[in-house]
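1. Sequence plus predicted model, see below.
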Amino acid sequence: MQLSEILIEQGLLDKAGLERALKAQRELGDELDDILIKLGIVSEGDMAAALARQHGLPLVRKADYPASALLLSKVSVNFLKAAKIIPLREQEDGLVLAMVNPADDYAIKAMAMLTGLTIQPCVGTQKEIEAALETLYGDGRSSLDRIIDDAGQERSGDSEEDIERLKDLASEAPIVRLVNSLFLRAYEERASDIHIEPADGALRVRFRIDGVMREADSAPKRLAAAIVSRIKIMAHLNIAERRLSQDGRIRLKLRDQNIDMRVSTVPTLHGESVVLRLLEQGTLVLDFKALGFDQNTSERMLRSLAQRHGIFLVTGPTGSGKTTTLYTALTHLNQPERKIITVEDPVEYQLDGVTQIQVNPDIGLSFANVLRSIVRQDPDVIMIGEMRDLETAEIAVQSALTGHMVLSTLHTNDAAGAITRMLDMGVEDYLLTSTVNGVLGQRLVRSLCNRCKQPYQPQDELVKRLQLDRLAQAGELLLYRPTGCELCAEVGYTGRIGIFEFLEVNDGIRDLVLKRADSGSIYRAARQQGMVNMAEDGIVKALAGLTTIEEVLRVTREN
């Protein structure tokens with residue numbers, strides 16, 4: 001079978017993702033498996049499993065890597081690293097060799113010639129093979145440990161208060177390698193954020209992966225000032241200013257993937273805390289189905305977006321995927337006959353054919369000021385990053401009244417709460433009823449690892465309390481639990497998927513708005529008109545094996 005056929009059969013790739021990868025392959029010329037990993041469509045672990053199946057070879061587990069290096073006198077370490085291979089063990093029928101690319105005949109023949117043994121290839125992930133090579137064929141320590149030792153030797157005896165010396169130190173090789181290795185590890189582990197937090201006696205480093213914080217390798221406190229200064233230099237911030245918060249941006253390339261990082265620094269009791277948000281330019285999935293929309297919700301939402309004018313709102317807490325949903329909606333609306341302008345803080349992703357403006361309050365370029373100007377740019381669609389105050393909301397309403405389609409976000413717990421939130425901000429009720437077409441509420445839940453998830457039958461009490469029998473499709477009523485394996489780093493989850501509710505503003509809802517009804521009344525009316533709430537959408541996804549019921553309850557408990 002073709003590799004793409006295997007991935008589609010296993011549900012790891014769809015036709016839209018394949019077309020996107022083939023287009024990128026034509027432009028870049030890389031192998032399809034490399035393209036799929038770089039674009040974030042398929043994980044390294046899933047790709048290794050698919051390659052193993054395609055070639056009829058065993059898949060290497062973490063426990064299969066040897067405790068000590070093999071064939072040191074016969075094989076060059078540089079060759080192993082270049083070919084991305086590592087000897088696992090010698091046995092009667094030959095040498096077992098872990099490979100990233102099992103189709104690399106040159107590497108197999110070269111190893112056979114160098115060792116005089118028959119080669120038994122198997123498939124491993126690039127991350128695990130490179131980590132094993134680093135540990136086994138180096139000095140037994142991880143590269144991070146070696147970098148920290150080097151930095152410690154160069155750092156000793158220097159004054160932290162000397163700004164010029166600090167700038168020099170932040171530019172020296174060990175600190176540069178340390179920061180770069182931190183960025184690379186965060187990228188490899190699919191982290192959305194890096195948190196660097198000074199504590200008493202240590203520098204704590206944590207990654208946010210699939211919405212949950214996880215500990216990473218900590219660095220010595222003596223390196224804190226140099227590490228923070230290095231990040232500030234990369235983000236074009238003032239390294240001498242440690243008393244005030246600063247915001248910046250870093251652009252770099254990791255594993256041939258362009259990465260944008262939003263940088264925020266704040267002063268704390270033990271030093272400066274730094275948070276970096278990782279934004280991958282090539283892996284943004286701008287497809288409603290891939291984001292987790294079911295047919296009912298997407299049809300209602302697309303009907304709202306099809307209006308010639310009005311306001312379309314997306315609500316949810318920070319980190320719930322609102323911006324990604326808005327970008328997907330913009331991609332859907334992005335036609336040659338439409339002029340689209342966005343006002344964002346900051347611009348997270350660049351969209352072809354869309355005019356994007358980043359606000360800068362320091363020079364008076366606020367949301368409200370920009371919005372007043374862009375109305376004269378004759379747009380058809382306006383996207384406002386966030387409705388933060390009455391002034392911005394009023395301009396958005398006026399834009400909708402004068403024939404523009406306005407897309408924006410609000411921080412509320414559910415879709416019904418967005419209406420009352422805008423009323424509380426001071427927007428007149430009759431203006432809301434004339435402009436708001438629909439409100440989408442959303443959350444993100446972690447997706448179960450397809451390899452290790454296990455089905456189980458829920459208890460009768462849970463079935464009754466959550467009405468699972470009403471929401472289940474035909475067939476046996478099953479839920480799924482995470483167990484953990486090498487592919488998901490023993491967590492049981494890989495990636496995230498959205499759960500949604502869409503409130504379509506019709507005549508019944510408009511009557512309630514004019515009566516100044518509370519969000520509860522608006523919610524009940526929307527339910528009577530067929531709205532599926534976030535909890536129900538999440539339960540349906542849990543019954544389909546996409547997530548767990550615990551994840552759904554974790555993010556929807558307040559609803």
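-> Here it is on my side, so go on. Numbering: from 1, shown residues only.
2. how about the helices in the stretch 151-300 of the chain?
-> Listed from the start of the chain, the stretch 151-300 of the chain has helices (DSSP state H, counting those that start in this stretch) covering 163-170, 173-188, 224-234, 288-291, 295-305.
3. what residues are up against residue 95?
-> By CB atoms under 8 Å, 6 or more residues apart in numbering, the contact set of residue 95 is 71, 87, 89, 111, 115, 117-120. The way it works is simple: take the backbone N, C-alpha and C, and place the C-beta from them, glycine included.
4. Now do the same contact list for residue 254.
-> With contacts taken as CB under 8 Å, 6+ apart, residue 254 has the following neighbours: 183-184, 187.
5. Check the gap between it and residue 227 for me.
-> With the distance defined as CB to CB, to the nearest Å, residue 254 ends up 18 Å from residue 227.
6. just to revisit the earlier point, just name the most buried of the helices of the stretch 151-300 of the chain.
-> helix 224-234 (a mean of 23; mean count of other CB atoms under 10 Å).
7. packing partners for it?
-> Helix 224-234 sits against helix 163-170, helix 173-188, strand 191-199, strand 246-254, strand 257-268, strand 271-280, with contacts defined as 3 or more CB pairs under 8 Å, 6 or more residues apart in numbering; DSSP states H and E.
8. So what angle separates the directions of it and strand 271-280?
-> Angle between the axes of helix 224-234 and strand 271-280 is 40 degrees (criterion: axes from the mean of the first three to the mean of the last three CA atoms, to 10 degrees).
9. would you list every one of the helices in the stretch 1-150 of the chain?
-> For the stretch 1-150 of the chain, the helices identified by DSSP H, counting those that start in this stretch occupy 3-9, 15-28, 32-38, 44-55, 77-83, 105-115, 126-136, 143-155, in order along the chain.
10. The fifth one: which residues count as buried?
-> Pointing back at helix 77-83 there. Of the residues in helix 77-83, those buried under the neighbour-count criterion (16 or more other CB atoms under 10 Å) are 80, 83.
11. what's the spacing between that helix and its chain's center?
-> Remark: helix 77-83 is offset 32 Å from the chain centroid, using CA atoms, centre = their mean, to the nearest Å.
12. How about the second one?
-> Between the mean C-alpha location of helix 15-28 and the chain-wide mean there is a distance of 20 Å, by CA atoms, centre = their mean.
13. Give me the mean pLDDT for it.
-> Per-region confidence: helix 15-28 scores 80 on mean pLDDT.
14. Could you name the helices and strands sitting against it?
-> helix 3-9, helix 32-38, helix 288-291.
15. any weak-confidence spans in the stretch 301-450 of the chain?
-> Screening the stretch 301-450 of the chain residue by residue with the criterion pLDDT under 70, one finds no matching range.
16. Residue 455: how many residues sit nearby?
-> Other residues near residue 455 number 10, with proximity taken as other CB atoms under 10 Å.
17. if I pick it, what's in contact with it?
-> When contacts are counted by CB under 8 Å, 6+ apart, residue 455 touches 478-480, 545.
18. Mind doing that once more with 6 Å?
-> Contacts were defined as CB atoms under 6 Å, 6 or more residues apart in numbering; by that measure residue 455 touches 478, 480.
19. Could you pull up the residues touching the most centrally placed residue in the chain?
-> Most central in the chain under CA atoms, centre = their mean is residue 192, positioned 5.1 Å from the mean C-alpha point. The contact partners of residue 192, by CB under 6 Å, 6+ apart, come to 208, 278.
20. So residue 555: helix, strand or coil?
-> Here residue 555 takes the helix state, with states given by DSSP: H, G, I helix; E, B strand; the rest coil.
21. between the helices and strands packed on helix 15-28, which one is nearest to residue 206?
-> Residue 206 lies closest to helix 32-38 among the helices and strands packed on helix 15-28, at 24.8 Å (CB to CB).
22. The nearest residue to residue 405 once chain neighbours are set aside - how many residues pack around it?
-> In this structure, residue 405 finds its nearest non-sequential neighbour in residue 381, 4.6 Å apart by CB to CB, 6 or more residues apart in numbering. Here the number of neighbours of residue 381 (other CB under 10 Å) works out to 22.
23. what helix or strand is residue 443 on?
-> In this structure, residue 443 sits in strand 436-448 according to DSSP states H and E.
24. Compute the inter-axis angle for that strand and helix 295-305.
-> Inter-element angle recorded for strand 436-448 and helix 295-305: 150 degrees (by the same axes, to 10 degrees).
25. Output the contacts of residue 95 as CSV; include the columns distance to residue 239.
-> Shown next, in CSV, are those (distance: CB to CB, whole Å):
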residue, distance to residue 239
71, 47
87, 46
89, 50
111, 48
115, 52
117, 55
118, 57
119, 52
120, 53
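26. closest to residue 427 among these?
-> Residue 427 lies nearest to residue 87 out of the contacts of residue 95, by CB to CB, at 68.2 Å.
27. list the contacts for that closest one?
-> When contacts are taken as CB under 6 Å, 6+ apart, residue 87 is in contact with 70-71, 95, 97.
28. I'd like to know how far it sits from residue 80.
-> As judged by CB to CB, residue 87 and residue 80 stand 8 Å apart.
29. ditto for residue 208
-> 34 Å.
30. Kindly provide the whole-number mean pLDDT of stretch 508-526.
-> If you average the pLDDT over stretch 508-526, you get 92.
31. Okay, buried residues for that stretch please.
-> 509-510, 512-513, 517, 519, 522-523, 525-526.
32. Same question for stretch 314-330.
-> Taking 16+ other CB under 10 Å as the neighbour-count basis, stretch 314-330 is seen to contain the buried residues 314-316, 320-330.
33. Show residues contacting it.
-> When contacts are defined by CB under 6 Å, 6+ apart, stretch 314-330 is touched by residues 286, 288, 305, 348-349, 383, 407, 409-410, 412, 418, 440-444, 498.
34. Now do the end-to-end distance for that stretch.
-> Between the opening and closing residues of stretch 314-330 lies a distance of 13 Å (CA to CA, to the nearest Å).
35. next one: stretch 366-385
-> Using CA to CA, one end of stretch 366-385 lies 12 Å from the other.
36. what's the helix or strand containing residue 465 packed up against?
-> Element membership of residue 465, judged by DSSP H and E, is helix 460-466. Helices and strands touching helix 460-466, by 3 or more CB pairs under 6 Å, 6 or more residues apart in numbering; DSSP states H and E: there are none.
37. pLDDT (mean, whole number) over it?
-> Averaging pLDDT along helix 460-466 yields 88.
38. Buried ones in it, by neighbour count?
-> For helix 460-466, the buried set under the neighbour-count rule, 16+ other CB under 10 Å, comprises 463, 466.
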